[in-house]
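attaching a predicted model along with its sequence, questions to come.
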Amino acid sequence: MQEEHRGDFFTDLLKFAALALIIVIPIRLFVAQPFIVSGASMEPTFQNSQYLIVDELSYHFEQPQRGDVIVFRYPKDPSEFFIKRIIGLPNETVKISSGNVYIVAQNGKSEELSEPYVVNKGNGPDMSVTLGPEEYFVMGDNRPESSDSRLWGTLPRQNIIGHVFLRLLPVSSVGILPGATVVQ
């Protein structure tokens, strides 16, 4: 009788494991992905070793927006993943002068970007970059410590994995849409 219960237990355990895999694998592959912050490029918004969940689904239905914090494949080495904030959108021109960022729309209208999330602008070079129809300009919130579009160029749309949806660890900083801001 004991062996019969043991067999039922293992059968139930196998069914549970199969069901869990059927549910978890599609979510992991198509909906959400874990990401661990590495480095200081997004401080103070994100700290080294924070555990995030990236929403991979939303950008199939809507376009990335200025101010979104995204995870993407580094254009120079797609095996590496980076986290940055979208600054420039397709067909815009991004101008950086004395650490201040200006966005020039297709109609020629120019506006200085309000960036309350940037604590340290640093002293990077002045530049102007015009984006193509499927290109984004991304920068870290900690400008002196960030390897971003200022150094390696524009980010192709196809490299974007998704936007940061949830911060899970450390527990003291758990939050939904961490780093989200409305940027004009």
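Sure, I can see it.

contacts and neighbour counts: CA atoms only from here.
Will do.

give the other helices and strands that whichever strand in the chain runs longest contacts.
Taking DSSP state E as the criterion, the chain has its longest strand at strand 160-169. Strand 160-169 sits against strand 51-55, strand 69-73, strand 175-176, with contacts defined as 3 or more CA pairs under 8 Å, 6 or more residues apart in numbering; DSSP states H and E.

check those strands for me: which has the lowest mean pLDDT.
Mean pLDDT values for the helices and strands packed on strand 160-169 show the minimum at strand 175-176, a mean of 74.

give me the contacts around it.
By CA atoms under 8 Å, 6 or more residues apart in numbering, the residues outside strand 175-176 that reach it are 165-168.

adding distance to residue 59, write these out as a markdown table.
As requested, those are arranged in a markdown table below (distance: CA to CA, whole Å):
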| residue | distance to residue 59 |
| --- | --- |
| 165 | 12 |
| 166 | 16 |
| 167 | 19 |
| 168 | 21 |
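
against residue 67, how distant is the residue lying closest to residue 45 once chain neighbours are set aside?
Among residues not flanking residue 45 along the chain, residue 179 sits closest, at 5.8 Å (CA to CA, 6 or more residues apart in numbering). From residue 179 over to residue 67 the distance is 9 Å, taken as CA to CA, to the nearest Å.

ok, now which ones touch the residue most central in space within the chain?
The residue lying closest to the centre of the chain (CA atoms, centre = their mean) is residue 70, at 1.6 Å. Residue 70 makes contact with 54, 83-86, 160-164, according to CA under 8 Å, 6+ apart.

could you list the residues in contact with stretch 129-147?
For stretch 129-147, contacts defined as CA under 8 Å, 6+ apart pick out 40-45, 83-95, 117-124, 148-150, 153-157.

the chain: helices as residue ranges?
Using DSSP state H, the helices found in the chain span residues 2-30, 149-152.

which of these has the lowest mean pLDDT?
helix 2-30 (a mean of 65).

circling back: from residue 137, how far off is the residue nearest to residue 45?
According to CA to CA, residue 179 and residue 137 sit 17 Å apart.

also residue 172?
As for residue 172, its distance to residue 137 is 31 Å (criterion: CA to CA).

who's more crowded, the two?
A count of neighbours by other CA atoms under 10 Å puts residue 137 above the other of residue 172 and residue 137, at 25 against 8.
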